[in-house]
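K.L.:
Make a model of this:
(2 chains)
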Amino acid sequence: MELYKIEILLEKYFEGETTLAEEKALKDYFSSSDVASHLEQYSSLFGYYGVAKAQQYEKAVPVLEKQQRHNSSKMSHRSWLSVAASILVLIGVVGYVFFTTQDLKEDKKLGTFDDPEVAFKATQKALALLSNKVNVGIESVQYVEEYQIAKNKVFRKTKNKNSGI
Amino acid sequence: MNQNEFVLMVAPFKDKVFRLAKRLLVSTEEAEDATQEILVKLWSKEEGLSGYSSVEAFAMTMTKNYCLDQLKSKRAGNLKIVHTNYSDSAPALDKKLEDLDTFNWVEKSIRQLPEQQRMIVQLRDIEQYEFEEIAKMLDMTESAIRVSLSRARKTIREYLIKTHNYGII
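P.N.:
Predicted coordinates for the structure are as follows:
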């Protein structure tokens, strides 16, 4: 190819306006032996492009077993399982709380009487029981009064002493 | 799709994925890891792939996104050490030898470009994709790609002319 054409192409190349075919022509020109001396600096550039394209990925293509590949779908199965399990646990807890509170409510109803006379007797009985239980501890209170007497004696003495001084 | 079919499907573009990853991540090991990651993702996506008109373009877009994410997280996590303060003023012998290799100069000049321009140079000049395909892969308009490409090529040219003159002296 004539030199002036190459120069025009180079100009276009640096403006980013060349087509792939034109770029290939440039590459061919610079890879040939008779490059004009004032254009020699570009030969390394176009030579490099060819060298860079020769690089290859040498590792093996990672191909996993089918089973491993479907790990993701297995994972989603597992997540559904856990969702179901948590719903079950939730139902269990809510049910348990619901039923135990109902039992408590039933316990609070102590029963009632229809006949007023029976009710009166039952009340009297309950009150008598209460008063008996209240009297149980009364003897031990006597001891407490002894302490009181002793304390009073002591404090009276000290009072006398103080007044004496 | 069985394993053999998958291997056949990725064969034409797995090197391109690797080269794009290497262009962005620089290190070969990281590029290999990225390629591995992309292929595993493709393999696990298998059923969904038929929905894409071009698996190759889809793979390149995935590579782009993955590598940019990788770069972002690296930048956020690491402190950059600037070597200019304590480097030896005379270049080391191995460096001098390396500089003789002009292809290394080109690679270095491309490495200095911003990521987007690097990707465009990689896809256009090295992989020789049409502008239309690149536009799809990078989610840009064709004219924006042309402008970016022109800018990148000119930057490379300036860098090379500088080193070319320097090389003569």
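K.L.:
Output the longest helix belonging to chain B.
P.N.:
helix B:142-168 (DSSP state H).
K.L.:
That one - contacts with which helices or strands?
P.N.:
In this structure, helix B:142-168 packs against helix A:3-14, helix A:41-53, helix B:102-111, helix B:115-121, helix B:131-138, with contacts taken as 3 or more C-beta pairs under 8 Å, 6 or more residues apart in numbering or on different chains; DSSP states H and E. For glycine as for every other residue, the C-beta is placed from the backbone atoms N, C-alpha and C.
K.L.:
Any chance of a markdown table for those, columns mean neighbour count, mean pLDDT and distance to A:V97?
P.N.:
Rendered in a markdown table, the data for the helices and strands packed on helix B:142-168 read as follows (neighbours: other C-beta atoms under 10 Å in any protein chain shown; pLDDT from 0 to 100; distance: least, C-beta to C-beta, whole Å):
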| stretch | mean neighbour count | mean pLDDT | distance to A:V97 |
| --- | --- | --- | --- |
| helix A:3-14 | 15 | 87 | 79 |
| helix A:41-53 | 18 | 81 | 71 |
| helix B:102-111 | 18 | 81 | 67 |
| helix B:115-121 | 20 | 90 | 60 |
| helix B:131-138 | 19 | 89 | 59 |
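K.L.:
Which one, of those, ends up nearest to B:V40?
P.N.:
When these are ranked by distance to B:V40, counting by C-beta to C-beta, first place goes to helix B:131-138 at 20.0 Å.
K.L.:
I'd like to know which elements the closest one is packed against.
P.N.:
The helices and strands touching helix B:131-138, judged by 3+ C-beta pairs under 8 Å, 6+ apart, are helix B:55-77, helix B:115-121, helix B:142-168.
K.L.:
any idea which of those is most buried?
P.N.:
Neighbour counts (mean count of other C-beta atoms under 10 Å in any protein chain shown) averaged over each of those peak at helix B:115-121, with a mean of 20.
K.L.:
Got phi/psi on A:S33?
P.N.:
Note on A:S33: its backbone torsions stand at phi -80, psi -30 [degrees, to the nearest 10].
K.L.:
Please apply the same query to B:E30.
P.N.:
In terms of degrees, to the nearest 10, the main-chain angles of B:E30 are phi -60, psi -40.
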